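Asks: Please work out how this folds:
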Amino acid sequence: MAETERFDSNGNPVKSQKKKGISPVLIVLVILLLIILRSCFVVTYANQYKLIRQFGKVQRVISEAGINFKIPVIETVDVVPKELLIYDLPASDVITSDKKTMIVDSYVLWRVTDPLKFAQTLSGSVGNAEGRIDTIVYNATKNTISNMTQDAVILSRDGKMTITVPEDEKENNDLDVSGEEKQVVEITSLTEEIMNQIGHIEQQYGIEIVTVDVKKLDLPDDNKQAVYTRMVSERENIAAQYAAEGEAQAQIIENTTDKEVAIMISNAEAKAAATVAEGEAQYMAILSAAYNDPERADFYSFVRALDALRASMTGGQKTVILSEDSPIAGIFYGEY
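Replies: Numbering: from 1, shown residues only. The predicted model follows:
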């Protein structure tokens, strides 16, 4: 596009002047200045520490949030986390005091408390810290569980144990319990036992293990079936014991009942024998009185002879052979 010529008041052409731009050198200098100024500032957030190093050596630690200054190029900055961190330990096998293998899966909550010592001993690396935590917590867990039986490990999982207190011991019970029959007792938890094994890590590495929590306690797969079989066998033994106790109680009840029945029958038989004896005595008394009376003696002799004859004629045989002196024959001779 052609430039438009400009004229003055006399009609003479006026030469246009070119505008001068910003020098590239100046722009480069400004950018370098901004970079240098930017490198002079250290911005620290609330969830981090800043370590100011000079030729690799830590000169100072910034622990408060805000903006600070450093010497560009000469001083460098390392960042150390300040918030609570979580480390999930890999599941591992441990052996109890009764030689039973258990799988423990746990995690650790930890944080940096001394960033300078953390940088000096672990190079300010979270990975190095987790490696040390893994070793320390695993050894503490192994030492703790190796001194406990499997049942004790399971009971101490939540730090509580349910017990049954007899009625006569409730008033004299010194345990911190709640409830009536089944009571919950506070015991040392597995976490507390493990934490008691850890005490030097803060002084040595500048980090604090806040807590160690066991997510899962399990048995190895090859032991589960054996444990289930043993549990079934134990339940069967308990059932057999209950059945045996029930049979023993039933036998006791049966024996007691038989004894009572035998006593009742014996008493009844004795009473019946006494009644029979009393009746026979009365019978003999009646006979004696009858035979002592001459008028009645012949009649009773006649009746007794008839009874004896009737008793002798049994079955189909109706013929009776009597001697002359037989009392029965006397009936037919008119002796009675």
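Asks: Who does S92 form a beta bridge with?
Replies: V104 (DSSP bridges).
Asks: and it, how far is that from P220?
Replies: 12 Å (CB to CB, to the nearest Å). Yep, even glycine has a C-beta here, placed from its N, CA and C like the rest.
Asks: Now the common contact residues for these two.
Replies: I103 (CB atoms under 8 Å, 6 or more residues apart in numbering).
Asks: Figure out the length between the terminal residues of stretch 116-132.
Replies: 17 Å (CA to CA, to the nearest Å).
Asks: residue ranges with poor pLDDT in the stretch 101-250 of the chain?
Replies: 158-187, 222-224, 226-227 (pLDDT under 70).
Asks: ranges for the helices of it?
Replies: Listed in chain order, the helices of the stretch 101-250 of the chain (DSSP state H, counting those that start in this stretch) span 115-122, 126-146, 150-155, 190-196, 201-205, 221-292.
Asks: Can you give me the buried ones in the second one?
Replies: The reference is to helix 126-146. Of all the residues in helix 126-146, those buried under the rule 16 or more other CB atoms under 10 Å are V126, A129, E130, I133, I136, V137, Y138, A140, T141, K142, T144, I145.
Asks: what sits against the second one?
Replies: Right, the one you point to is A129. Taking CB under 8 Å, 6+ apart, we find A129 in contact with W110, V112, F118, L122, Y205, I207.
Asks: try the last one
Replies: Contacts were defined as CB under 8 Å, 6+ apart; by that measure I145 touches V94, I95, T96, M102, V104, V153, L190.
Asks: Switch these over to a markdown table, and while doing so, append distance to A308 to every line.
Replies: Formatted as a markdown table, the contacts of I145 follow (distance: CB to CB, whole Å):
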| residue | distance to A308 |
| --- | --- |
| V94 | 103 |
| I95 | 100 |
| T96 | 96 |
| M102 | 98 |
| V104 | 103 |
| V153 | 97 |
| L190 | 101 |
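Asks: Give me the buried entries from the residues you listed.
Replies: V94, T96, M102, V104, V153, L190.
Asks: Mind putting the contacts of A129 into TSV with neighbour count?
Replies: Shown next, in TSV, are the contacts of A129 (neighbours: other CB atoms under 10 Å):
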residue	neighbour count
W110	22
V112	24
F118	24
L122	21
Y205	21
I207	23
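Asks: which two of those residues lie the greatest distance from each other?
Replies: The span of those, defined through CB to CB, is set by W110 and L122 at 12.0 Å.
Asks: what sits in contact with each of those two?
Replies: A129, I207.
Asks: Could you point out which of the helices of the stretch 101-250 of the chain sits nearest V42?
Replies: Short answer: helix 115-122, nearest of those by CB to CB, at 14.1 Å.
Asks: so what secondary structure elements neighbour that closest one?
Replies: Secondary-structure packing of helix 115-122 (3 or more CB pairs under 8 Å, 6 or more residues apart in numbering; DSSP states H and E): strand 48-54, strand 57-62, strand 75-81, helix 126-146, helix 201-205.
Asks: neighbouring strands for the third one, and are they parallel or not?
Replies: For strand 75-81, the paired strands and their directions (DSSP bridges) are strand 48-54 (antiparallel).
Asks: Could you pull out the buried residues of the strand it pairs with?
Replies: In strand 48-54, counting by 16+ other CB under 10 Å, buried: Q48, Y49, K50, L51, I52, R53.
Asks: and the third one, what does it touch?
Replies: Remark: with contacts taken as CB under 8 Å, 6+ apart, K50 is in contact with V42, T44, V61, I62, N68, V77, D78, V79, V80.
Asks: What residues are bridge-paired with the third one?
Replies: When bridges are assigned using DSSP bridges, the partners listed for V61 are L51.
Asks: Kindly state the pLDDT recorded for it?
Replies: Listed pLDDT for V61 reads 87.
Asks: So what's the residue count around it?
Replies: 16 (other CB atoms under 10 Å).
Asks: go on, the second one?
Replies: In terms of burial, T44 registers 18 neighbours under the definition other CB under 10 Å.
Asks: Need the phi and psi values for it.
Replies: According to degrees, to the nearest 10, the main-chain angles of T44 amount to phi -110, psi 130.
Asks: on that earlier part again, widest-spaced pair of the contacts of K50?
Replies: Most distant of those, by CB to CB, are N68 and V80, 14.9 Å apart.
Asks: Between those two, which is the more surrounded one?
Replies: With neighbours defined as other CB under 10 Å, N68 and V80 compare such that V80 has more, 22 against 15.
Asks: Kindly report the domain assignment for the protein.
Replies: The record assigns the chain these domain ranges, following automatic domain parsing: 22-81, 85-219, 221-277, 293-332.
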